[in-house]
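J.: next input, structure requested:
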Amino acid sequence: MAIELTDELIELERAAWAEQQENRLTVETAAWVQAAITAHAEATGQGRYDVERELKRVVRHPEPEAG
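T.: Okay, here's the model as predicted:
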């Protein structure tokens, strides 16, 4: 089963990843991301760890666009 992610969730993780890369990630931002992951997983019936793993893969290791 493919893990479904929303654009909003991806953008939230991108913002948190950018903060982390700049050494300015706050506990508040990290908590927002975790809460969003948990809510999304519960709403879609997906495993929280599966959602988090796929979200990090999409944001941190995006596949190159075909061109």
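J.: tell me where this structure has helices.
T.: With helices called from DSSP state H, the chain shows them at 7-21, 27-44, 48-60.
J.: how about those in a markdown table, adding mean pLDDT?
T.: Listed next are the helices of the chain as a markdown table, based on pLDDT from 0 to 100:
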| stretch | mean pLDDT |
| --- | --- |
| helix 7-21 | 97 |
| helix 27-44 | 97 |
| helix 48-60 | 97 |
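J.: could the ones you listed be laid out in JSON lines, adding mean neighbour count?
T.: Bear in mind the C-beta positions are built from the backbone N, C-alpha and C, glycine included. JSON lines is the format used below for the helices of the chain (neighbours: other Cβ atoms under 10 Å):
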{"stretch": "helix 7-21", "mean neighbour count": "15"}
{"stretch": "helix 27-44", "mean neighbour count": "14"}
{"stretch": "helix 48-60", "mean neighbour count": "16"}
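J.: got the contact list for the nearest residue to A41 once chain neighbours are set aside?
T.: Nearest-residue entry for A41: R48, 4.1 Å, with adjacent residues in sequence omitted and distances by Cβ to Cβ, 6 or more residues apart in numbering. Neighbouring residues of R48 by Cβ atoms under 8 Å, 6 or more residues apart in numbering: 37-38, 41-42.
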